[in-house]
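Student: Any chance you can model this:
(chains A and B)
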Amino acid sequence: MLPLELIRKDPDRVRRAAQLKGETAPVDEILRLDETWRGYLHSAETIKAEQNRLSKEFAQNRDAALKEKLREMADRSKADLAEAEAVKRRLDDLLLRVPNLFHESVPVGEGERDNVVLREWGSKVDLGFTPRTHFDLGEALGIMDFERAARVAGSRFAFLIGEGARLERAVAQFMLDVHTREHGYTEVWAPLLVNSASMVGTAQLPKFADDAFKVDGQDLWLIPTSEVPLTNLHREEIIDVERLPLKYTAYTPCFRSEAGAAGKDTRGFIRLHQFSKVEMVKLTTAETSMDEFEKLTADAEDILQRLGLHYQVMVMCTGDMGFAQYKKYDLMAWSPGLGRYLEVSSCSVFNDFQAMRANMRYRPARGAPPRFVHTINGSGLALTRTIDAILETYQRADGTVTVPEVLQPYMGGLEVIGAR
RNA sequence: GGAGAGGUGGCCGAGUCCGGUUGAAGGCGACGGUCUCGAAAACCGUUAUGGGUCACUGGCCCAUCGAGAGUUCAAAUCUCUCCCUCUCCGCCA
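Tutor: Purely as a prediction, here's the structure:
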């Protein structure tokens, strides 16, 4: 969230940023509630101070008249405090609904078409035959099954079978090994169900409750991304500055309701209720966050390069970057069969927006007051779509698929999927 | 799931029965100082967070002893609900 102080001092800036993001910020109501809240709080505190003083006096000398006066003061301070708290609750809820500001380098735009290609690696492969989609390939090879998944779970689910399942495991292993051994991330095995406070911490709540699955009757949500447990790992903590930047990675399934995505990507292994992802999360100081954001993006790109997948790095424009992000890059891998780029990674920097919600701070120096950490995260990468790009890029005319060299050791030396 | 014991400041740990200058003893750690060529030891001092306010490199006020609610003039201390941790039993991957 944004500091109340900022909204008070520069409401126009907050309003303008929200508007350019295609969001709304309840700035006026916040300012009004803020004033009301302060009024009640000030009144309550003034009474309470006097009440505390007289109460000590009463402890010495139990005077009946004084007791009566104290009783009356207690009623008044309690009433004011109750008002203050009620207003504060509404205020806090509204504050959680104010979108983040954005970095000056973010292009202003309304939607997808205003995103900007920042750089590109490799080029579209020329296979020399008409490429097939990953789902055609996958079903023909017997390594993907959507029909049975629909029967077992429903639409937007999938089975990976045999070499398909093994490929998924291989890709995950490969990514984790690169991030932990070469990029300096610490591997984490995390809860896949988290409480509401954590969902608020990373800003899935309160605004985007419909996008996630909730456990019936319990304060538990299926994680839409391991960003949630990883970023919240240090919630409510004051972290030693020497430990920063903290770099975590995790391989987990992710669950999304895909509400509002009806009709989009209904075919294939692209937009599922459950998909898996290797996630990277960094907690940094304010000074280093933009730099660490670029490095994290490079870490994700490294995976694509080693897999030999052509991709573009796009800067998301204001209208397409999201509620909580300060700046966001999407990594788009080329899928020859689908004939389009697939988003295989989304890397974002949040500044202190998430850290304020999760109350996650660090002390810049001994004795100095604590400051909120800056949070960064990115997929490194989304497994499902990376597999799509691999299958479509490395497919051969006979419908089999070459296993990229870096993955072969993870596939027990297998060189071709579907070979007989 | 059953029975029991607990959750106090950066950490350890008193205080809770019998409510009242206890935001909280003591110890450890850390930081500053004295001493020293330097260091150690010893000694002295400082050492939570959030908010408000002022005559603002400091003072004053409010809140916070797992969370919430209640009793009371007054709650770390009493009551209730919830969460978490530990021990034993049961069950289970």
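
Student: so how far is RNA strand B from residue A:142?
Tutor: 30 Å (CB to the nearest atom of the strand, to the nearest Å). Bear in mind the C-beta positions are built from the backbone N, C-alpha and C, glycine included.

Student: thought that residue was touching residue A:159?
Tutor: No: counting by CB atoms under 8 Å, no contact exists between residue A:142 and residue A:159, whose distance comes to 10.4 Å.

Student: Settle it for me: which of those two has more neighbours?
Tutor: For residue A:142 versus residue A:159, neighbours defined as other CB atoms under 10 Å are more numerous around residue A:159 (17 against 12).

Student: Any figure for the gap between the residue in the stretch 101-250 of chain A positioned nearest to RNA strand B and residue A:351?
Tutor: The stretch 101-250 of chain A approaches RNA strand B most closely through residue A:238 (6.6 Å), counting by CB to the nearest atom of the strand. Between residue A:238 and residue A:351 the computed distance is 18 Å (CB to CB, to the nearest Å).

Student: what about the two, which has more around it?
Tutor: Counted by other CB under 10 Å, residue A:238 and residue A:351 do not tie: residue A:351 has more neighbours, with 25 against 14.

Student: all helices for the stretch 201-350 of chain A, in order.
Tutor: A:227-231, A:289-306 (DSSP state H, counting those that start in this stretch).

Student: neighbouring contacts of the last one?
Tutor: For helix A:289-306, contacts defined as CB atoms under 8 Å, 6 or more residues apart in numbering pick out A:103, A:121-122, A:174-175, A:178-179, A:182-183, A:185, A:245, A:280, A:282, A:284, A:311, A:313, A:327, A:329, A:331, A:333, A:344-345, A:347-349, A:351, A:374, A:376-381, A:386, A:406.

Student: Give the buried residues for that helix.
Tutor: Neighbour-count burial for helix A:289-306, counted by 16 or more other CB atoms under 10 Å, picks out A:289-290, A:292-293, A:295-297, A:299-304.

Student: closest to RNA strand B among these?
Tutor: residue A:289 (19.1 Å).

Student: and the closest one, what pLDDT?
Tutor: Listed pLDDT for residue A:289 reads 95.

Student: I'd like to know which residues of chain A are adjacent to RNA strand B.
Tutor: A:38, A:41-42, A:44-46, A:48-49, A:51-53, A:55-56, A:58-59, A:62, A:67, A:70-71, A:73-74, A:78, A:85, A:238, A:361, A:363, A:366-367, A:369-370 (CB under 7 Å from any atom of the strand).

Student: of those, buried ones?
Tutor: For the residues of chain A next to RNA strand B, a burial check counting by 16+ other CB under 10 Å picks out A:41, A:44, A:48, A:51, A:70, A:73, A:361.

Student: quick one on the thing from earlier: list the contacts of the residue of the stretch 101-250 of chain A closest to RNA strand B.
Tutor: A:361, A:362, A:363, A:370.

Student: which pair in those spans the largest distance?
Tutor: Farthest apart among the contacts of residue A:238 by CB to CB are A:361 and A:363. That separation is 7.4 Å.

Student: who touches both of these two?
Tutor: A:238, A:370, A:371.

Student: Quick check on the second one: phi, psi?
Tutor: For residue A:370, the backbone dihedrals are phi -70, psi 150 (criterion: degrees, to the nearest 10).

Student: ok, it touching residue A:361?
Tutor: Yes: applying CB under 8 Å as the test, residue A:370 and residue A:361 come out as touching, 4.0 Å apart.

Student: chain center to stretch A:83-94: distance?
Tutor: 26 Å (CA atoms, centre = their mean, to the nearest Å).

Student: What of stretch A:207-218?
Tutor: Offset of stretch A:207-218 from its chain centre (CA atoms, centre = their mean): 16 Å.

Student: which residues are in contact with that stretch?
Tutor: In contact with stretch A:207-218 (CB under 8 Å, 6+ apart) are residues A:96-97, A:193, A:199, A:204, A:220-222, A:224, A:255-260, A:273, A:323.

Student: Please, where are all the strands along the stretch 151-300 of chain A?
Tutor: For the stretch 151-300 of chain A, the strands defined by DSSP state E, counting those that start in this stretch occupy A:159-160, A:186-187, A:193-194, A:221-222, A:238-240, A:246-255, A:274-284.

Student: my bad, the stretch 1-150 of chain A
Tutor: Counting by DSSP E, counting those that start in this stretch, the strands of the stretch 1-150 of chain A are A:116-121, A:144-145.
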